[in-house]
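Q: got a sequence here, can you build the structure:
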Amino acid sequence: MCTVSGSDNQRTYVCFDYEINGVPSGSDPTPLISAVLAEHGAASVELSGLIWAEFLDSAAAVEAAIVSQWRVQREIKDDARKLRVGVHRGSLNQTHLVLACANGNQIIFTQAVDEATGGTLDARPMQRVALWSETEPTQLWLSTDSRPDIDGRPLRVRT
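A: Residues are numbered from 1 along each chain as shown. Sure thing, here's the model as predicted:
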């Protein structure tokens, strides 16, 4: 389970699963995703049917999600299997709900992640949704950052 001390609202969780259309033809991307998460400082990585990782740094969590997606698309090259990613600063259960809002090859994150990173992430607003009943609706964001620092280009270009 979780190995980081502190309250849930200080943790950022990243959850991954796959949207499968047809028969997957590439190798299983799970080992690649796990390696990327570890490289980016994930405090815990679980692989029980659903891949998820825990971070103390929200920016590192989003960057790990972007790099994971980028590398799976370019190294595995499996058109039948599309990575879906949800990122949330709060609880793992809430992050699962965020993940359910993502379609194939999308990274969705919440307002809590946007606030924790100072609004510096490349993204466009999706909608405000009531994912968990005890709070007000939260703003969901679709990551538009497709330039992770693995091909020499800058991470983010201000416009």
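Q: centre of the chain versus the biggest helix by length in the chain, how much separation?
A: Of all segments of type helix in the chain, defined using DSSP state H, the longest is helix 58-71. Distance, stretch centre to chain centre, for helix 58-71: 6 Å (CA atoms, centre = their mean, to the nearest Å).
Q: what's downstream of it, the next helix or strand?
A: Later in the chain than helix 58-71, the nearest helix or strand by DSSP states H and E is strand 81-89.
Q: where in this protein is pLDDT low?
A: Where the chain drops to pLDDT under 70, the residues are 1-9, 146-159.
Q: mind listing the helices for it?
A: When assigned using DSSP H, the helices of the chain occupy the ranges 30-39, 58-71, 92-99, 111-116.
Q: now the longest helix of the chain: buried residues?
A: By neighbour count on 16 or more other CB atoms under 10 Å, the buried set for helix 58-71 is 58-71. Using the backbone N, CA and C atoms, a C-beta is placed for each residue, glycine as well.
Q: what's the angle from that helix to strand 81-89?
A: Interaxial angle, helix 58-71 versus strand 81-89 (axes from the mean of the first three to the mean of the last three CA atoms, to 10 degrees): 180 degrees.
Q: give the other helices and strands that helix 58-71 contacts.
A: strand 12-20, helix 30-39, strand 51-55, strand 81-89, strand 106-110, helix 111-116, strand 138-143 (3 or more CB pairs under 8 Å, 6 or more residues apart in numbering; DSSP states H and E).
Q: relative to residue 75, which of those is closest?
A: With respect to residue 75, and counting by CB to CB, the nearest of those is helix 30-39 at 6.4 Å.
Q: can you list contacts of the closest one?
A: Applying CB atoms under 8 Å, 6 or more residues apart in numbering, the contact partners of helix 30-39 are 14, 16, 45, 47, 51, 53, 64, 67-68, 71-72, 75-76, 83.
Q: now do stretch 89-103
A: Against stretch 89-103 from outside (CB under 8 Å, 6+ apart): 2, 8-17, 19, 50, 52, 54, 58, 82, 84-88, 108-110, 112-113, 115-116, 126, 129, 131-132, 140.
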